[in-house]
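**Student:** Give the three-dimensional model of this entry:
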Amino acid sequence: MKLWEKGIPTDKQIDLFTVGNDRELDLILAKHDVTGNIAQAKMLAKIGLITNQECEDLLGALAEIQEDIKAGNFTIEDSFEDVHSKVEYLLTQKVGDAGKKIHTARSRNDQVLVDMNLYLKEEVLQLKQQVKSLFDLLMTSAEKYQNVLLPGYTHLQIAMPSSFGMWFSAYAESLIDDMSMLNAALKVVDQNPLGSAAGYGSSFPIDRTFTTKEMGFSTLKYNSVAAQMSRGKSEKTVSFAMASVAGTLSKFAYDVCLYMSQNFDFIGLPANLTTGSSIMPHKKNPDVFELIRGKCNKIQSLPYELTLITNNLPSGYHRDLQLLKEGVFPAIQNLKACLDIAIFSIPDIKVKENILEDKKYDYLFTVDTLNEMVSAGIPFRDAYKEVALQIEAGNYKSPKATKHTHEGSINNLCLAEIKEKMKSSY
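**Tutor:** Residues are numbered from 1 along each chain as shown. Sure, this is the predicted structure:
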């Protein structure tokens, strides 16, 4: 059942160790493997290595396999090493010798490269859609609450006045940077490696431009060795983009947990988005956002995991690369789940108004007082000392008002400009 079988049996313990959980993970790649096989069959017919009838037979059989995959009926039994072996076996069962010809001018090395690039491309496009949905949601909240003041902190000490509009739109604009990372990752994986075979090309007159168009890649990875070396680099590039998104989500989730605590009391969550305690009847815990934080922090470790697997490998294929799937696949699903639950939960965040009426927030406006004095002609350092003395003497009177006009300040959030920036980045 192995594509490399030569009639010499392999020890069962070796099989178990080398295959690992690849069969289970390869189920995720199955539909992409069929896509690659369809392009391969058409290309082999185009250059005359199989007949048009054989091509038709293969395409019909591949369509049947694809339907089984969509219906959830496709499996990879223990007798098969991976998805490639199972698909080729099914093709041979269905169409005979034509199935045995599908692997002509190809290796499992470029097969898995194709599968991974198609998979990563599809997932990155989905992540982009989710990030855009989260951006839109945050911008809606920013517009809704742009005039509701919020204490700003540095060093976890009261600093300067902010607003919920500034807070929500800060995370929205941060997502634009994450979108740029996803775009870069998409450009890396949107290249066709098929035809690089085991990493050194083929003596058959294959048409790689044809398969590039058939599979919807933007370009091909021209150099066969470069194509092989992209295994690991593609996954790592996507992981860095995912870590960027996860970093933004994790920080936002931490803010939600902090702001919801009674010591801050800036926001609230409805009961259906919180959990309780087994012994403390008053507890309403932000578990959803704590898990977003934890899962996203774990995702941020992925680039380093992939780096450690790949950083000391020379050019060419090595079996170490099989281990990349174990980290990448679940991380992608976890990030998508975190984005989904954030999009689900954020509309129910209850913003508290009149927070700044608490006297402890009077010092938020010391810089505004200082700047008004400077605008009246007092040198900055003298004004600074005067306000400091007022604070020490306990007679500082807060204006509790802001007059910020520059782009991106509390009274000029530039929400329209931020939306336009995302539009051009998406």
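**Student:** so the closest residue in space to Ser277 that isn't next to it in sequence, which of the three states?
**Tutor:** Nearest-residue entry for Ser277: Lys283, 3.8 Å, with adjacent residues in sequence omitted and distances by Cβ to Cβ, 6 or more residues apart in numbering. C-beta coordinates here come from the backbone N, C-alpha and C atoms, glycine included. What DSSP: H, G, I helix; E, B strand; the rest coil gives for Lys283 is coil.
**Student:** Next: Thr75.
**Tutor:** Classification of Thr75 using three-state DSSP returns coil.
**Student:** what does Phe204 give?
**Tutor:** coil.
**Student:** cool, Gln126 as well?
**Tutor:** Gln126 - assigned by three-state DSSP - is helix.
**Student:** That one reaches Leu335, doesn't it?
**Tutor:** No - using Cβ atoms under 8 Å, Gln126 is not in contact with Leu335; the gap is 10.1 Å.
**Student:** Between those two, which has more neighbouring residues?
**Tutor:** Remark: of Gln126 and Leu335, Leu335 carries more neighbours, 25 against 13, as counted by other Cβ atoms under 10 Å.
**Student:** Name the helix or strand for that one, please.
**Tutor:** For Leu335, the host element (DSSP states H and E) is helix 324-345.
**Student:** Counting by contacts, list what the helix or strand just after that helix packs against.
**Tutor:** Next helix or strand after helix 324-345 toward the C-terminus (DSSP H and E): strand 350-351. Under the contact definition 3 or more Cβ pairs under 8 Å, 6 or more residues apart in numbering; DSSP states H and E, strand 350-351 sits against strand 267-268.
**Student:** Low-confidence regions, the chain specifically.
**Tutor:** Scanning the chain with the threshold set as pLDDT under 70 gives 1-20.
**Student:** Show me what the helix or strand containing Ala63 packs onto, helices and strands only.
**Tutor:** Using DSSP H and E, Ala63 sits within helix 52-71. Packing partners of helix 52-71 (3+ Cβ pairs under 8 Å, 6+ apart): helix 22-46, helix 83-95, helix 97-101.
**Student:** Around the closest residue in space to Gln111 that isn't next to it in sequence, how many other residues sit close by?
**Tutor:** Computed as Cβ to Cβ, 6+ apart, the closest residue to Gln111 that is not its neighbour in sequence is His84, at 5.1 Å. With neighbours defined by other Cβ under 10 Å, the count for His84 comes to 25.
**Student:** can you check the one 3 residues further on too?
**Tutor:** Number of residues near Val87 (other Cβ under 10 Å) recorded here: 26.
**Student:** residues touching it, list them.
**Tutor:** Val87 is in contact with Ala30, Asp33, Val34, Asn37, Ile65, counting by Cβ atoms under 8 Å, 6 or more residues apart in numbering.
**Student:** One more pass at 10 Å, please.
**Tutor:** 26, 30, 33-34, 36-37, 61-62, 65, 69, 74, 76, 80, 99, 102, 111 (Cβ atoms under 10 Å, 6 or more residues apart in numbering).
**Student:** show me the contacts for the residue positioned nearest the centre of the chain.
**Tutor:** With distances taken as Cα atoms, centre = their mean, the chain has Met242 as the residue nearest its mean C-alpha position (3.3 Å). Applying Cβ under 10 Å, 6+ apart to Met242 gives the contacts 123-124, 127, 178, 181-182, 185, 296, 299-300, 302-303, 328, 331-332, 334-336.
**Student:** Any of those residues buried? List them.
**Tutor:** Among the contacts of Met242, those buried by neighbour count (16 or more other Cβ atoms under 10 Å) are 123-124, 127, 178, 181-182, 185, 296, 299-300, 302-303, 328, 331-332, 334-335.
**Student:** Now the nearest residue to Pro161 once chain neighbours are set aside. Its backbone dihedrals?
**Tutor:** Nearest residue to Pro161, sequence neighbours excluded (Cβ to Cβ, 6+ apart): Leu364, at 4.7 Å. Backbone geometry at Leu364, expressed as degrees, to the nearest 10, gives phi -60, psi -30.
**Student:** Run a quick neighbour tally on Leu364.
**Tutor:** Residues lying near Leu364 (other Cβ under 10 Å) number 22.
**Student:** One more: Gly72?
**Tutor:** By other Cβ under 10 Å, 8 other residues sit near Gly72.
**Student:** Could you pull up phi and psi at it?
**Tutor:** Dihedral angles (degrees, to the nearest 10) for Gly72: phi 80, psi 20.
**Student:** before we move on, back to that, wait, the residue nearest to Gln111 touches Leu90, no?
**Tutor:** No - taking contacts as Cβ atoms under 10 Å, His84 lies outside contact range of Leu90: 11.1 Å.
**Student:** For the stretch 201-350 of the chain, which segments count as helices?
**Tutor:** For the stretch 201-350 of the chain, applying DSSP state H, counting those that start in this stretch gives helices covering 208-215, 224-260, 287-299, 302-310, 324-345.
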